[in-house]
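Visitor: A predicted structure for the sequence below; I have some questions about it.
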Amino acid sequence: MQRLLTTDELAALLQIPKATIYRWRYCGEGPRGVRVGRHLRFEFADVQDWLNARKSGGEGLMAPMCSREPRLGGDGQSQLRGVRGRSAAITHARSGELGR
């Protein structure tokens with residue numbers, strides 16, 4: 001078995017912020033990951049397959065913003081971690097504070 005990549009290692013390999021990986025995962029994009037206990041890991045072969053599919057599809061590395069709504073806690077705050085800007089915008093939009 002190959003050594004698994006951590007989220008930090010994948011972010012460094014792709015030269016992207018770690019939050020992008022979490023957003024991709026939340027939206028069902030990005031390389032397939034596996035949970036090992038509470039830790040998220042990636043097989044290098046899965047990352048290579050995902051990159052090759054992105055190249056042949058002409059989409060590049062940038063995944064579109066997903067239209068999936070974040071899960072909200074009882075206080076109306078987003079449970080989406082690692083994508084603070086988008087979460088804050090959605091929370092403010094729902095409360096009517098956006099654009100004030």
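Guide: That came through fine. Numbering: from 1, shown residues only.

Visitor: Report how many residues lie close to Tyr22.
Guide: 19 (other C-beta atoms under 10 Å). (Each C-beta comes from the backbone N, C-alpha and C, glycine too.)

Visitor: ugh, typo on my part, it should be Leu5
Guide: Neighbour count for Leu5, taken as other C-beta under 10 Å: 20.

Visitor: If the residue nearest to it when sequence neighbours are not counted is in a bridge, with which residues?
Guide: Sequence neighbours aside, Phe42 is the residue nearest to Leu5 in space, at 4.4 Å (criterion: C-beta to C-beta, 6 or more residues apart in numbering). Beta bridges link Phe42 to Leu5, Gly33, judged by DSSP bridges.

Visitor: Phe42: what's it in contact with?
Guide: Phe42 sits next to Leu4, Leu5, Thr6, Thr7, Leu10, Pro31, Arg32, Gly33, Val34 when contact means C-beta atoms under 8 Å, 6 or more residues apart in numbering.

Visitor: who's in contact with the first one?
Guide: Think Leu4. Listed by C-beta under 8 Å, 6+ apart, the contact partners of Leu4 are Val34, Val36, Arg41, Phe42, Glu43.

Visitor: Going through those, which ones are buried?
Guide: Neighbour counting by 16 or more other C-beta atoms under 10 Å classes Arg41, Phe42, Glu43 among these as buried.

Visitor: What ranges does the protein have for its strands?
Guide: Using DSSP state E, the strands of the chain run over 5-6, 33-36, 39-42.
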